[in-house]
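Engineer: Any chance you can model this:
(one chain, ligands or ions: 1)
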Amino acid sequence: MPASPATSRKPVSIITGGAGFLGSHLGDRLLAEGHRVVAIDNLVTGGLDNIAHHADDPDFEFIDQDVSRFIDWPGEVDHIFHFASPASPFDYLELPIQTMKAGSLGTHNALGLARAKGASFLLASTSEVYGDPLVHPQREDYWGNVNPIGPRGVYDEAKRFSEALTMAYHRAHGIDTKIVRIFNTYGPRMRLHDGRVVPAFIGQALEGKPLTVFGDGGQTRSFCYVSDLIDGIYRLSQSDCHEPVNIGNPRETTILQFAERIRKLIPGAGPIVHEPLPEDDPKVRQPDISRAKEWLGWEPRVPFEEGIVETIGYFRKKCAK
Ligand code: UDP
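Structural biologist: Purely as a prediction, here's the structure:
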């Protein structure tokens, strides 16, 4: 991502969802790389705590705005990262229409701004585009198995639409676009009560409550530590890869095994209890990262044992507040 031609000014990056879990970590990385960062967020699921450490940084600006309404920025913009969306199943079931608007109108607005400014555009897409996959592990050329009218469809289809619109802007207007398909990610700044399995189990264990495994816990996920994910996204942003790229950690675990690991790591955790499996819950999920390895020279580095200890430390502090 070179500095802007003809000037020595810092590159300007807009991050929609810039106060969220991933958007805020991306902002940290871009600032460290010498960018000016404008974070746009309506704080529905993001939080000012995630960006409070930039309060006195002249290179950081926060705008409280919903991206499903027209977005603008008065100056030059070099890069747009579209991360705004509710992202946990719990949140997007609570906010189904906002989720669809962030993925459809929000993506349209962000692409329109990229076009108007001549900026590059990176879409935060998701492994959910593969739905309940019939191909395992998931490669980028797999088209997926999504129920469009199920409760998860609001997120999955919004992201699939976002990908289609992004490719349309690339083909029709020559916008320099990138698409990252983000697999399950964990780390500090997840919300304790966002319903996702990592904060759910850690929060329950820290409070001595039972760990709620949905179904028999035989379903699998593959968890990537946030710093690895952000590094993959940064490399993608610097590349000229326009096809989607999976970024995630291929280390697969069943949810039951994951619950057992958390119970071992947190003394005083309650027992495992089983609750009904949510509708359309994917049975397996594991990224094939051959493309990221080959195109970006990227693979995850942080061992689960390290990442989970960092994450538990973060939630311990949150619970103590
Ligand atoms: N899950 C669970 N207990 C919880 C929360 C989630 O067993 O308290 C399961 C959920 O059914 C899914 C997996 O953990 O199979 C991951 O769920 P999450 O909400 O983190 O994200 P997903 O990968 O489904 O988008």
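
Engineer: Quick check: can you name the pairing partners of the strand or helix carrying residue 39 and their directions?
Structural biologist: Using DSSP states H and E, residue 39 sits in strand 36-41. The pairing partners recorded for strand 36-41 under DSSP bridges are strand 12-16 (parallel), strand 60-64 (parallel).

Engineer: if we look at the last one, which residues are touching it?
Structural biologist: The contact list for strand 60-64, computed with CB atoms under 8 Å, 6 or more residues apart in numbering, reads 18-19, 27, 31, 36-43, 48, 51, 54. C-beta here means a position set from N, CA and C on the backbone, and glycine is covered the same way.

Engineer: In PyMOL, select just the buried ones from the residues you listed.
Structural biologist: Remark: buried members of the contacts of strand 60-64, expressed as a PyMOL selection using 16 or more other CB atoms under 10 Å:
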select buried, resi 18+19+27+31+36+37+38+39+40+41+42+51+54
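
Engineer: nearest to the ligand, of the strands paired with strand 36-41?
Structural biologist: The closest approach between the ligand and any of the strands paired with strand 36-41, judged by CB to the nearest ligand atom, belongs to strand 12-16 at 20.4 Å.

Engineer: Now the element after that closest one, going C-ward?
Structural biologist: Per DSSP H and E, the helix or strand that comes after strand 12-16 is helix 21-32.

Engineer: Only C-alpha atoms, please: export that following helix in CSV.
Structural biologist: The C-alpha coordinates for helix 21-32 follow below in CSV (Å, rounded to 0.1, in the frame of the first residue of the first chain):
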residue,chain,number,x,y,z
PHE,A,21,-13.8,-6.1,17.6
LEU,A,22,-12.0,-6.5,14.2
GLY,A,23,-12.3,-3.0,13.0
SER,A,24,-10.5,-1.6,16.0
HIS,A,25,-7.7,-4.0,15.8
LEU,A,26,-7.3,-3.2,12.1
GLY,A,27,-7.2,0.5,13.0
ASP,A,28,-4.4,-0.2,15.5
ARG,A,29,-2.4,-1.9,12.7
LEU,A,30,-3.0,0.8,10.1
LEU,A,31,-1.9,3.5,12.5
ALA,A,32,1.2,1.5,13.3
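
Engineer: rewinding a little: how many degrees apart are the strand holding residue 39 and helix 21-32 in direction?
Structural biologist: Strand 36-41 and helix 21-32 are oriented at 170 degrees to each other (axes from the mean of the first three to the mean of the last three CA atoms, to 10 degrees).
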